[in-house]
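kindly return the folded structure for what I paste below:
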Amino acid sequence: MAYHGHVLPGLVRTLPRPYYTSRAIYREEAERIFSRRWVCVGRTARLPEAGDYYSIFPNLFLTLLPDYAMWHTLEPLAFDRTRIVCEWLFAAGAPEAGAKDAVAFWDVTNRQDWHVCELAQQGISSRAYTPGPYATQESLLAAFDRELLAALGRTDRGVE
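Numbering: from 1, shown residues only. The predicted structure is shown next:
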């Protein structure tokens, strides 16, 4: 699945707490999704504008820019831990200084994003957590939730 779109705020809600904190659901995801899926991204001729980014289920984020492509591969280690590998492909002849600047920029950006994710995991781990609406800017997260539920064979957002 490559998704690039929008959701309307308030119409799509985050998943219930156990999807983020349950060892049983983590094991089910590991067995039914991450150990069995190969994803064909597609052909470059079908990619739209440079600067677009994609979430490719189950564990790839792809960013395409004029001088380079960057992708993050996520490997779930536990329900509350993920290994993230960020890799690059720079255009032939790209100046080394530009590559260093890009890596430095994304290193800062990624570390800030990861910190926000760590804070979100702390909040989700709280017994007081209840699912809430996604913001318009979170359309990729909402799409991931839909794919996750479909891959687990769930017909609703409840936890079985």
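
so where's the chain shaky on pLDDT?
Where the chain drops to pLDDT under 70, the residues are 1-12, 34-51, 156-160.

quick one, longest helix in it?
Among the segments of the chain that qualify as a helix by DSSP state H, the longest is helix 96-124.

counting by contacts, list what that one packs against.
In terms of contacts (3 or more C-beta pairs under 8 Å, 6 or more residues apart in numbering; DSSP states H and E), helix 96-124 is packed against helix 18-21, strand 68-78, strand 81-90. No exception for glycine: its C-beta is placed from N, CA and C like everyone else's.

and of the ones you listed, who's closest to Arg146?
helix 18-21 (12.3 Å; C-beta to C-beta).

quick one: the residue lying farthest from the centre of the chain from Ala104, how far?
Using C-alpha atoms, centre = their mean, the residue of the chain lying farthest from its centre is Gly93. It sits 30.5 Å away. With distances taken as C-beta to C-beta, to the nearest Å, Gly93 is found 20 Å from Ala104.

Thr14 and Gly123 touch, don't they?
No - when contacts are counted by C-beta atoms under 8 Å, Thr14 is not listed as touching Gly123 (10.7 Å).

more neighbours: the two, which one.
Thr14 (20 against 11; other C-beta atoms under 10 Å).

ok, and the closest non-adjacent residue to the more buried one?
Spatial nearest neighbour of Thr14, excluding adjacent residues (C-beta to C-beta, 6 or more residues apart in numbering): Pro131 at 4.5 Å.

could you check how far Asp107 is from Trp88?
11 Å.

now Arg17
35 Å.

more neighbours, these two?
Using other C-beta under 10 Å, the more surrounded residue of Arg17 and Trp88 is Arg17, with 18 against 13.

for that one, phi and psi?
phi -50, psi -40 (degrees, to the nearest 10).

near the closest residue to Ile124 other than its chain neighbours, how many residues? Count them for me, please.
Nearest residue to Ile124, sequence neighbours excluded (C-beta to C-beta, 6+ apart): Tyr20, at 4.4 Å. By other C-beta under 10 Å, 18 other residues sit near Tyr20.
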